[in-house]
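J.: let's see this in three dimensions:
(chains A and B)
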Number of protein chains: 2
Amino acid sequence: MIIDSIQNKHIKLIKKILTSKYQKKEQKYLIEGRNLVDEAIHYQEPLEILATEQAAAYLSGSTDHFTLISEQVAKYLSSTVTPEGIFAVMPIRQETPQPGNWLIFDELQDPGNAGTILRTADFFDYQGVFFSPKSVSPYSPKVLRSAQGSNFHLQVVIGPTMPFIEQLKSWGELVLGTTLHEQAKEVQDLDLNEPYALVLGNEGHGLSKEIGATIDENILIPTKGHAESLNVSVAAGILMYALNIINKN
Amino acid sequence: MIIDSIQNKHIKLIKKILTSKYQKKEQKYLIEGRNLVDEAIHYQEPLEILATEQAAAYLSGSTDHFTLISEQVAKYLSSTVTPEGIFAVMPIRQETPQPGNWLIFDELQDPGNAGTILRTADFFDYQGVFFSPKSVSPYSPKVLRSAQGSNFHLQVVIGPTMPFIEQLKSWGELVLGTTLHEQAKEVQDLDLNEPYALVLGNEGHGLSKEIGATIDENILIPTKGHAESLNVSVAAGILMYALNIINKN
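T.: Next comes the predicted model:
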């Protein structure tokens, strides 16, 4: 049996979990595309896989919860211009944060930046990425697309930021910020041991006042040219690289 | 007099220079938004400024070539969801590349990546960014938006790549690539003097064969985690930072 109507109730419910409101309510999210679905299956059992006949041919192995959909339904569910016709409904994992290197997003908004930073955090083997409630949802299609599956390789947690920062400090972790504070240091001048946490603020107005007050050390990347700042995902990448280097030395 | 019709011939011609074909033909491009127009005026005289009545109020100083437009026309010309109602037609500068640190785009496609990398190159005071003919146009609205005015601070050149690489070599510059070659080195293991050039390839398939063959040294960023690669603008940022650090030491 193939579902070929976008009026179908089941399909309408799945479409809804593309919004962060229903992700929260249902504790589910939708991923799209062959690479992401392959990666997902590797790490966690999907609640359901939906695919067009053509895309289903590429599915390796069998699955209990499979739904065949038409090209029209695939287009309806897709967040891309050229859908690959394969989707998976995933349960949101309830993660208990473990000690290790963490990134914290304090009201970070841009989904492309968030996903790119998730990918970089995975590249540098961070323990996890923590999303404050006012940050973009880690389960938004564009975040997941930019993250390229890295969300499956590290802990992804949404929650209130202050208690989490207190927990990090109780573990002895240093909390680093990126405010251009007069005492901000270059990374190589830090006296730092792993693990630590790096807090990234909003693209426009930086760290919130409340979170800014909890920062142990602010770090900066000195500019040589005319541009006064960097895109947040580039700055995050440079800082993760630099922090990794000084910890190796 | 205010132009309030999108059928207006002059407006239609300006709309056309949003495409790389007409940018090339007319040797002009369009920038949008208060910050970019302010930055442009600072560095180079615009051929024309177009603004709504409201946006014109913020214009500092007078200009000979000013056109008042309606909100409707501003919307028509805009590449953003919420237009600020101000635009400038800029002449494409004919640049003669000078020796210095260069970035070279070899078929780089994503405008967000290209603009972000321009901004980073400016931050690290590069001499310029060279766009191969098959790369995205440096004058596309999304490149200019992501670059945040950095295109005015460095040389921006479009042209055939091979003669430019030959010129760099004739100046004694080392040409660095990012192919995962078996002899690729970590940046800190390089024996490098400024100036140098860093070539970045296509997001999907990396460096073209022809350009790959001209590379003096390939450099890599070692991964610690599961993600095997980084977004190209993050990788470029890390490499520019690392190359800058070893040149300071």
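J.: and chain A, what are its domains?
T.: Using automatic domain parsing, the domains assigned to chain A come out as A:2-91, A:102-248.
J.: possible to save the ones you listed as a markdown table with mean pLDDT?
T.: Output for those, formatted as a markdown table (pLDDT from 0 to 100):
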| stretch | mean pLDDT |
| --- | --- |
| domain A:2-91 | 92 |
| domain A:102-248 | 93 |
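J.: those: which one's closest to chain B?
T.: Closest to chain B of the domains of chain A, according to C-beta to the nearest C-beta: domain A:102-248, at 3.6 Å. Quick note: C-beta positions are derived from backbone N, CA and C, even for glycine.
J.: hang on, the earlier thing: winner for burial among the domains of chain A?
T.: Across the domains of chain A, the average number of neighbours (mean count of other C-beta atoms under 10 Å in any protein chain shown) peaks for domain A:102-248, which reaches a mean of 19.
J.: and chain B, is that one touching that?
T.: Yes: for domain A:102-248 and chain B, the contact criterion (C-beta under 8 Å from any C-beta of the partner chain) is met by A:112, A:116, A:119-126, A:146, A:148, A:150, A:153-154, A:188, A:221, A:223-227, A:229-231, A:233-238, A:241-242, A:244-245.
J.: among these, which are in strands?
T.: Assigned to strands by DSSP state E, none of the residues of domain A:102-248 next to chain B qualify.
J.: over to the residue lying closest to A:P141 once chain neighbours are set aside: give its phi and psi.
T.: With C-beta to C-beta, 6 or more residues apart in numbering or on different chains as the criterion, A:P141 has its nearest non-adjacent residue at 3.7 Å, and that residue is A:S79. Torsion angles at A:S79 (phi, psi; degrees, to the nearest 10) stand at phi -110, psi 10.
J.: please apply the same query to A:L176.
T.: According to degrees, to the nearest 10, A:L176 has phi -100, psi 140.
J.: just checking, it touches A:I211?
T.: No: A:L176 sits out of contact with A:I211 when judged by C-beta atoms under 8 Å, with a separation of 11.9 Å.
J.: now the common contact residues for these two.
T.: By C-beta atoms under 8 Å, 6 or more residues apart in numbering or on different chains, A:L176 and A:I211 have these common neighbours: A:V199.
J.: now do the lengthiest helix in chain A: distance to the chain's middle.
T.: Identified as the longest helix of chain A according to DSSP state H is helix A:232-248. Centroid separation for helix A:232-248 versus its chain: 17 Å, with C-alpha atoms, centre = their mean, to the nearest Å.
J.: CA-only coordinates of that helix in PDB, if you can.
T.: Extracted in PDB, the C-alpha atoms of helix A:232-248 (Å, rounded to 0.1, in the frame of the first residue of the first chain):
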ATOM      1  CA  VAL A 232      30.000  32.700  14.700                       C
ATOM      2  CA  SER A 233      30.500  29.200  13.100                       C
ATOM      3  CA  VAL A 234      34.000  30.300  11.900                       C
ATOM      4  CA  ALA A 235      34.900  31.800  15.300                       C
ATOM      5  CA  ALA A 236      33.700  28.600  17.000                       C
ATOM      6  CA  GLY A 237      35.800  26.500  14.600                       C
ATOM      7  CA  ILE A 238      38.900  28.500  15.200                       C
ATOM      8  CA  LEU A 239      38.400  28.400  19.000                       C
ATOM      9  CA  MET A 240      37.800  24.600  19.100                       C
ATOM     10  CA  TYR A 241      40.900  24.100  17.000                       C
ATOM     11  CA  ALA A 242      43.100  26.400  19.100                       C
ATOM     12  CA  LEU A 243      41.800  24.900  22.400                       C
ATOM     13  CA  ASN A 244      42.500  21.500  21.100                       C
ATOM     14  CA  ILE A 245      46.100  22.500  20.100                       C
ATOM     15  CA  ILE A 246      47.000  24.000  23.500                       C
ATOM     16  CA  ASN A 247      45.700  20.900  25.200                       C
ATOM     17  CA  LYS A 248      47.900  18.700  23.100                       C
END
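J.: which secondary structure elements does that helix contact?
T.: Judged by 3 or more C-beta pairs under 8 Å, 6 or more residues apart in numbering or on different chains; DSSP states H and E, helix A:232-248 is in contact with helix A:111-123, strand A:196-200, helix B:111-123, helix B:232-248.
J.: which one of those lies nearest to B:I3?
T.: Of all these, it is helix B:111-123 that lies closest to B:I3, at 28.1 Å by C-beta to C-beta.
J.: ok and that closest one relative to helix A:111-123, angle-wise?
T.: Interaxial angle, helix B:111-123 versus helix A:111-123 (axes from the mean of the first three to the mean of the last three C-alpha atoms, to 10 degrees): 70 degrees.
J.: and helix B:111-123, does that touch chain A?
T.: Yes: Helix B:111-123 lies within reach of chain A by C-beta under 8 Å from any C-beta, at B:G112, B:T116, B:R119, B:T120, B:A121, B:D122, B:F123.
J.: which residues touch the residue nearest to A:P141?
T.: Contacts for A:S79 were tallied using C-beta under 8 Å, 6+ apart; they are A:L18, A:E32, A:P141, A:K142, A:R145.
J.: so where does the fourth one fall, helix or strand?
T.: Mapping A:K142 onto the secondary structure by DSSP states H and E places it in helix A:141-147.
J.: can you dump the C-alpha atoms of that helix in PDB for me?
T.: Extracted in PDB, the C-alpha atoms of helix A:141-147 (Å, rounded to 0.1, in the frame of the first residue of the first chain):
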ATOM      1  CA  PRO A 141      15.600  20.500   9.200                       C
ATOM      2  CA  LYS A 142      18.300  23.100   8.300                       C
ATOM      3  CA  VAL A 143      20.200  22.400  11.500                       C
ATOM      4  CA  LEU A 144      20.100  18.600  10.800                       C
ATOM      5  CA  ARG A 145      21.100  19.100   7.200                       C
ATOM      6  CA  SER A 146      24.100  21.300   8.100                       C
ATOM      7  CA  ALA A 147      25.100  18.900  10.900                       C
END
